[in-house]
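Visitor: Sequence and computational prediction follow.
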Amino acid sequence: MKKSDQKRLWIFAVVESAFLLVFSLLYWQHRENWLLSLLMFTPAVSVILTRLFTREGTKALYLRVWMRKNLRCYLATWLLTPVVAYVGAVLYFLLFPQNFTLSSQLAQEAGVQGADYLVMLAQTIPLAVLINPLTGLLPCLGEELAWRGYLLPKFSCYGKIPATLITGLLWGLWHAPIVAMGFNYGEGHPVANILAMLVFCSVLGVIQGYLFFHTGSVWGPVVFHAAINGIDLYAPSQLFMNRSSNLFIGPNLIGLVGGAGLILLAAWCLRQLWKMDKTANSFEPVVRNQI
């Protein structure tokens, strides 16, 4: 890696760490989710500030959509991510059928029960997993402009697989203060929360890394990230359970079994990245003429 890029990465790390410290302290005091929504924009702000400080300019932002070449990939990412994601939930309930039941709380809130509850879910969930990602594109761009649009290309000098793994781990570490406070995995086991998030972000990072290198654009990872966040609003544990679940196992995506579909997809993406590394020695020829 060039010394100039090493310097830029250190500056980015310092700036983003300052943002993370401030927002983590605010979240620790107030526990307001809107703070986390604002936090999602700070990686992109940190990239912009780093580029200004180091006079890097706006070259290679990877914001070009390349729609003609990538339309099918974008549509598949948007529409099939929920299908892949829910594979883990289905597997979880097959392994632990005693945990499967209709959520009495949600049914009561909706004023339905029994078969009517299933009809309601069949009508609302497909629409939600299609619409929610569209509303989440901008916040996800706030993250992906940094992790996949800035860090990943710089680490790609070590190869695509090492770059995706390094970036995924850094992304997971970025979540550490928030998950240590109980977000995602609950309170009482901060170290386990951080380790689980490192694994989860590494898995997602491989998929997003493949999408980035395949499309030559940051928008592939953005669409995937938004699709994952959209699904999270309708967690299987909230829809089909009346008891507390072990979030490290499932049925939600962040669990080992609940995330089985994503793990399988990440394994396939690793294979594709390995093939890319075999056919190209550098990242730049793949995405030249970027903006």
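Guide: Right, received. Where do you want to start? Residues are numbered from 1 along each chain as shown.

Visitor: only C-alpha atoms for contact and neighbour calcs from this point on.
Guide: Will do.

Visitor: Next, the contact list for L169, please.
Guide: By CA atoms under 8 Å, 6 or more residues apart in numbering, the contact list for L169 reads L198, V199, C201, S202.

Visitor: Among those residues, name the ones in helices.
Guide: Those of these mapping onto helices are L198, V199, C201, S202, per DSSP state H.

Visitor: So, low pLDDT: which residues of this structure?
Guide: 105-111, 113-114, 280-291 (pLDDT under 70).

Visitor: And for the most centrally placed residue in it, nearest residue in space, chain neighbours not counted?
Guide: Among the residues of the chain, the one closest to the centroid is H225, at 4.3 Å (CA atoms, centre = their mean). The shortest distance from H225 to any non-neighbouring residue, by CA to CA, 6 or more residues apart in numbering, is to C140 (6.2 Å).

Visitor: what's the answer for W147, then?
Guide: Nearest non-adjacent residue to W147 (CA to CA, 6+ apart): T167, at 6.4 Å.

Visitor: I figured that neighbour hits G149, correct?
Guide: No. Using CA atoms under 8 Å, T167 is not in contact with G149, being 10.6 Å away.

Visitor: Which helix or strand contains Q238?
Guide: helix 236-239 (DSSP states H and E).

Visitor: just checking, what packs against the helix or strand following that helix?
Guide: Moving toward the C-terminus from helix 236-239, the next helix or strand (DSSP H and E) is helix 260-279. If you count contacts as 3 or more CA pairs under 8 Å, 6 or more residues apart in numbering; DSSP states H and E, helix 260-279 packs onto helix 67-95, helix 160-174, helix 190-215.

Visitor: Can you check what angle separates the longest one from helix 260-279?
Guide: Right, the one you point to is helix 67-95. Here the directions of helix 67-95 and helix 260-279 differ by 140 degrees (axes from the mean of the first three to the mean of the last three CA atoms, to 10 degrees).

Visitor: Likewise for the second one?
Guide: Orientation of helix 160-174 against helix 260-279 (the same axes, to 10 degrees) gives an angle of 140 degrees.

Visitor: where does helix 160-174 sit relative to the chain's centre, distance-wise?
Guide: Relative to its chain's centre, helix 160-174 lies at 12 Å (CA atoms, centre = their mean, to the nearest Å).

Visitor: what about L52, neighbour count?
Guide: L52 has 12 neighbours, counted by other CA atoms under 10 Å.

Visitor: That one sits in which helix or strand?
Guide: Counting by DSSP H and E, L52 is found in helix 42-53.

Visitor: V179 now?
Guide: Using DSSP H and E, the element containing V179 is helix 176-180.

Visitor: which helices and strands does that helix pack with?
Guide: helix 3-30, helix 190-215.

Visitor: Ok, which of these comes nearest P43?
Guide: helix 3-30 (6.1 Å; CA to CA).

Visitor: related to what we said a few turns ago, list of residues touching whichever helix or strand the residue nearest to H225 is part of?
Guide: Here C140, judged by DSSP H and E, is contained in helix 137-146. By CA under 8 Å, 6+ apart, the list of residues contacting helix 137-146 from outside reads 37, 40-47, 61, 218-219, 221-223, 225-226.

Visitor: Next secondary structure after that helix?
Guide: In N-to-C order, the element after helix 137-146 by DSSP H and E is helix 152-155.

Visitor: Check which helices and strands that following helix sits against.
Guide: helix 160-174.

Visitor: Could you tell me the angle between the helix it packs on and helix 190-215?
Guide: 140 degrees.
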